[in-house]
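# would you be able to build a 3D model of this:
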Amino acid sequence: MTAQHFLKEGTIDDLVKHDASYRILANMRCSPAYWEAKKKEVMALLRQLGKPTFFLTLTANEKRCPELLQVLYKYQQQKEITFQEAMDLPENVKTELIRNDPIMCARYFEYKVNKFILHIKKKNSIFESYRY
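Residues are numbered from 1 along each chain as shown. The predicted model follows:
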């Protein structure tokens with residue numbers, strides 16, 4: 001969908017009427033439609049492969065990640081802080097740092113997940129097979 005589509009008379013009414021506005025968001029990470037699609041994929045995997053022996057859900061907890069807080073502080077405040085200083089920052093400062101740069105936070109989390117996946121994929125890993 002482009003801006004030109006939305007400028008046409010009745011486009012928005014049609015989207016709402018046919019529930020297409022929900023499906024447009026299916027490719028946008030963190031939208032309800034995106035997570036609904038991911039849930040369906042997981043359910044399909046469970047039907048095909050059976051119950052998992054090990055299931056892991058990862059979440060970003062930016063406030064408890066001192067490396068990320070150090071980077072955010074450096075770029076936003078133009079001042080370097082130590083590992084301990086990053087952890088000792090007040091909650092409102094941590095929240096503001098994260099809120100001001102969600103792209104950096106998302107990319108850092110993606111980086112950490114990819115590093116974790118590389119450990120799972122190693123030749124002598126404890127995991128014989130995996131689905132990602």
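
# which residues are in contact with the residue nearest the centre of the chain?
In the chain, the centroid-proximal residue (C-alpha atoms, centre = their mean) is residue 106; its distance is 5.9 Å. Going by C-beta atoms under 8 Å, 6 or more residues apart in numbering, residue 106 touches residue 60. C-beta here means a position set from N, CA and C on the backbone, and glycine is covered the same way.

# so it: helix, strand or coil?
helix (DSSP: H, G, I helix; E, B strand; the rest coil).

# separation between it and residue 62?
Between residue 106 and residue 62 the computed distance is 10 Å (C-beta to C-beta, to the nearest Å).

# state the distance from residue 88 to residue 118.
Residue 88 is 31 Å from residue 118, by C-beta to C-beta.

# actually, residue 16.
44 Å.

# also residue 55?
Residue 55 is 19 Å from residue 118, by C-beta to C-beta.

# what's the answer for residue 24, then?
34 Å.

# downstream neighbour of the lowest-mean-pLDDT helix or strand in the chain in the secondary structure list?
Sorted by mean pLDDT, DSSP states H and E, the helices and strands of the chain end with helix 20-24, the least confident at a mean of 69. For helix 20-24, the following helix or strand on the C-terminal side (DSSP states H and E) is helix 32-49.

# name the helices or strands packed onto that following helix?
Counting contacts by 3 or more C-beta pairs under 8 Å, 6 or more residues apart in numbering; DSSP states H and E, helix 32-49 packs against helix 20-24.

# could you look up the SS state of residue 71?
Residue 71 - assigned by three-state DSSP - is helix.

# ok, and the closest non-adjacent residue to it?
Nearest non-adjacent residue to residue 71, counting by C-beta to C-beta, 6 or more residues apart in numbering: residue 104, 7.0 Å away.

# next, count neighbours for the one you found.
Using other C-beta atoms under 10 Å, residue 104 has 17 neighbouring residues.

# which pLDDT value goes with residue 18?
According to the prediction, residue 18 has pLDDT 73.

# how many other residues sit next to it?
Neighbours of residue 18 using other C-beta under 10 Å come to 10.

# residues contacting it?
Per C-beta under 8 Å, 6+ apart, neighbours of residue 18: none.
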